[in-house]
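Engineer: fold the following.
(one chain, ligands or ions: 1)
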Amino acid sequence: MTPNDIDLVQSSFAKVAPIDDETGVLFYERLFEIAPQFRPFFRGDIDEQGRMFMSMLTVAVNGLATFDSIRPALSELAIRHAGYGVKPEHYAPVGAALIWILDQSLGDDFTDEVRNAWLAVYDALSGVMIEAAYGSGNAG
Ligand code: HEM
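Structural biologist: Numbering: from 1, shown residues only. Below is the predicted model of the structure:
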């Protein structure tokens, strides 16, 4: 994740943010389409869930340049997720649903460069979360 990735993610996300309620719902619709096995994990209202996801994503995106400032919140989020039954391999389909809604929301503005920047950022965020909740893989 380079400083240029961070700039591209922040400037593209600023174009999505005004419609974030709608985007949050669209995100879960897409997620359950590509990963229907996740549906039973979500017990609450999906509109509310969409808002929570988008607001956490906003905090993370805003804090990318000072990554250490968002690390504790991401770690706690990840540990709660392990408690919801989330496994490390579940992060990839969630990333795919995120890329899909960005593509839908940004249209022509979702260039290859912007897509690659988001892939790098999601990799960094999910990497921190997976390590916090399940360890780095070399701890036995
Ligand atoms: C960057 C990645 C993710 C972000 C930002 C995120 C964000 C959130 C937020 C803010 C909540 C509200 C509850 C809380 O804060 O603990 C939540 C709940 C939840 N998330 Fe995530 N999440 C991510 C990845 C995932 C993944 C990979 C899964 C796997 C399927 C998942 C499944 C869930 C479930 C099952 C709940 C609880 C739903 C319920 O209690 O009904 N999330 N997520």
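Engineer: CA atoms for contacts and neighbours, from now on please.
Structural biologist: OK.
Engineer: how far away is residue 58 from residue 20?
Structural biologist: 10 Å (Cα to Cα, to the nearest Å).
Engineer: so which of those two has more stuff around it?
Structural biologist: Neighbours per residue (other Cα atoms under 10 Å) separate residue 58 from residue 20, with residue 20 holding more: 20 against 16.
Engineer: give me the contacts around the helix or strand that one falls within.
Structural biologist: Per DSSP states H and E, residue 20 falls inside helix 20-34. Helix 20-34 is contacted by residues 16, 38-39, 46-47, 49-51, 53-54, 93-94, 97-98, 100-101, 105 when judged by Cα atoms under 8 Å, 6 or more residues apart in numbering.
Engineer: near the ligand too, which of those?
Structural biologist: 38, 53, 94 (Cα under 6 Å from any ligand atom).
Engineer: show the backbone phi and psi for the first one.
Structural biologist: What that stands for is residue 38. phi -80, psi -20 (degrees, to the nearest 10).
Engineer: not counting its neighbours along the chain, what's nearest it?
Structural biologist: residue 32 (6.5 Å; Cα to Cα, 6 or more residues apart in numbering).
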